[in-house]
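> using only what follows, build the 3D model:
(one chain, ligands or ions: 4)
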Amino acid sequence: MNITELVKKDCCGCSACMNSCPRDCITMKPDKEGFLYPVVDEKQCVDCGKCGKVCPVLTRKPADNQPKAYLVRNKNSDLRQSSTSGGFFAAAAEYVLDEGGCVYGVGFDEDFKVRHDMIESVSDIKKFNRSKYVQSEIGLTYRKVKEMLGSGRMVLFSGTPCQVEGLLSYLGRDYDNLYTMDIICKGVPSPKFWKKYLSWHRKKSGREIREVRFREKTYGYGSTTMRVIYDDGSEYDEPFDVDPMLQFYSKEMISRPSCYNCKVKGKHRNSSFTAGDYWYVSGAAPSMDDGIGVSQVLVNDEHAAAAFEKMRKYLDVAELDFDRDSAINGGMMVSSAKPSPRRDEMFADLDKLSMQGLQRKYFPSTFKLKNRIKRQLRPLMYRTGLLRIYKKRMRKKQSERAARG
Ligand SMILES: Cc1cc2nc3c(=O)[nH]c(=O)nc-3n(C[C@H](O)[C@H](O)[C@H](O)COP(=O)(O)OP(=O)(O)OC[C@H]3O[C@@H](n4cnc5c(N)ncnc54)[C@H](O)[C@@H]3O)c2cc1C
Ligand code: SF4
Ligand code: SF4
Ligand code: SF4
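Ligands and ions are numbered 1, 2, ... in the order given. Presented below is the predicted three-dimensional model:
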């Protein structure tokens, strides 16, 4: 079996096939939506079938384990503030780096392209902190991970569930020195949309971009914003219902087709750890609810459980009930998001309209006076505590609805 048997809509772009090909005759090429897909050079292919054997969509083995669920907060408040949720990733990374290991995760290159990379020092953890809501490019990372494992170094690899499955399938055997962390995953947006978004920033500000922070906790964990810092130090800071990157992502217009019928995620995972947001902390562990964020963590097997015990020194930890709490919080742990009925129309418009033109067409309410006033009031509502109370009430209602099923 080789990967040409896989229908395009199911390919998650994990690149395990490219990493495994002994003839190096697979390249990952962008399609018209900007997502990478494997292209086989048929003249070089010897039909060995390796690419099909490692494809997690064609051959994934379901996990058979009984995860333990926890709520965690990184004790280092600076690392937690610069993490998406409670900073579990930073704690796992610190543990592995302190043991002399190395960490693979997702950062930006000099042009803000989102891609996998490696760090070897605790001072570099922040390069990988924060979710980047764009599909990361794996390149030949799995080959490099294999080399590191072979040399005896401890390795932490972090990525989407399909990237972790891609790595495990590529490796083809267990390693005592490997830990993997995947995420509760709603889907990954198009790198082409991201590129257009970055150009929009450069054009409208007349400046270069110095830093991008998805999910900045300016107004607390419950009301995160997109922050872009320009080279002169000035800042753009807008919430989910105003920033186009977050708006088009949250309304399911720009994720990869495979994310709408995900074949790899589930409650039981082959990864060591699964991390996600946790919105109902005020009910589950009120003493941990300080508005800066907590992570829900699943410790998926015995090997991971032994490491988790050693990570506790970096973390505040509360136990959760796996069946009850993941049902309340983890819709995206198991189910796939539904694509917007306007997704195809939006991609057809992507080359024709400007970013503002797209927003005016698909989210005209962004520009309404009422919403502009709401935005102006946000800092005041945050300072007076009203924003947190409002968000808490909303989350409580959502949690009650989820618990009722
Ligand atoms: C695309 C995406 C969708 C998500 N969807 C959900 C969801 O629906 N529900 C939910 O509860 N949680 C979701 N998460 C997870 C959540 O946002 C946090 O990443 C998670 O809670 C861990 O937070 P943290 O504070 O421990 O670490 P973080 O600060 O989030 O640490 C970042 C880690 O995430 C990895 N990462 C960042 N960007 C990417 C990327 N583009 N692709 C692969 N890995 C990446 C980095 O390698 C790093 O290890 C999603 C994350 C991403 C990246
Ligand atoms: S069948 Fe073998 S040679 Fe051909 S593309 Fe797949 S891995 Fe490469
Ligand atoms: S899912 Fe991954 S391994 Fe399978 S064809 Fe797509 S990129 Fe290759
Ligand atoms: S939703 Fe599924 S296919 Fe999409 S990135 Fe997440 S794990 Fe991969």
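
> what confidence value was assigned to the residue nearest to residue 15 when sequence neighbours are not counted?
Once flanking residues are discounted, residue 15 sits nearest to residue 138: 4.2 Å by CB to CB, 6 or more residues apart in numbering. Every residue, glycine included, has its C-beta placed from N, CA and C. pLDDT recorded at residue 138 is 98.

> burial check on residue 138, number of neighbours?
Neighbour count for residue 138, taken as other CB atoms under 10 Å: 24.

> ok, it touching residue 17?
No: at 10.9 Å, residue 138 and residue 17 do not qualify as touching, with contact defined as CB atoms under 8 Å.

> residue ranges of the strands in the stretch 101-250 of the chain, please?
Using DSSP state E, counting those that start in this stretch, the strands of the stretch 101-250 of the chain run over residues 102-108, 114-119, 155-158, 178-183, 209-216, 225-230, 235-239.

> and the third one, how far from the chain's centre?
Translated: strand 155-158. 14 Å (CA atoms, centre = their mean, to the nearest Å).

> please apply the same query to the fifth one.
Taking the mean C-alpha point of strand 209-216 and that of its whole chain, the gap between them comes to 15 Å (CA atoms, centre = their mean).

> re the thing from before, any idea how far the residue nearest to residue 15 lies from residue 220?
33 Å (CB to CB, to the nearest Å).

> residue 184 versus residue 333, what's the distance?
The gap separating residue 333 from residue 184 is 5 Å, by CB to CB.

> between these two, which contacts overlap?
265, 274, 276 (CB atoms under 8 Å, 6 or more residues apart in numbering).

> so what's the second one up against?
Right, residue 274. Listed by CB under 8 Å, 6+ apart, the contact partners of residue 274 are 67, 161, 181, 182, 183, 184, 297, 298, 300, 333.

> mind checking the SS state of it?
Taken by DSSP: H, G, I helix; E, B strand; the rest coil, the conformation at residue 274 corresponds to strand.

> ok, what's across the strand from it?
Judged by DSSP bridges, the bridge partners of residue 274 are residue 182, residue 298.

> neighbours around residue 221, how many?
25.

> do residue 312 as well
A count of neighbours around residue 312, defined by other CB under 10 Å, yields 14.

> tell me the pLDDT at it?
Note for residue 312: predicted pLDDT of 97.

> use 35 as the first number from now on
Sure, I'll start numbering at 35, so the last one becomes residue 346.

> any idea how far residue 226 is from it?
The spacing between residue 346 and residue 226, counted by CB to CB, is 42 Å.

> repeat that for residue 327.
30 Å.

> neighbour count winner among those two?
Set residue 327 next to residue 226 and count neighbours by other CB under 10 Å: residue 327 wins out with 26 against 19.

> how about the more buried one, nearest residue that isn't a chain neighbour?
Distances taken as CB to CB, 6+ apart put residue 255 closest to residue 327, at 3.7 Å, once the chain neighbours are dropped.

> stretch 159-179 and ligand 3 in contact?
No: Stretch 159-179 is not in contact with ligand 3 by CB under 6 Å from any ligand atom; minimum separation 8.7 Å.

> fine by me, thanks again.
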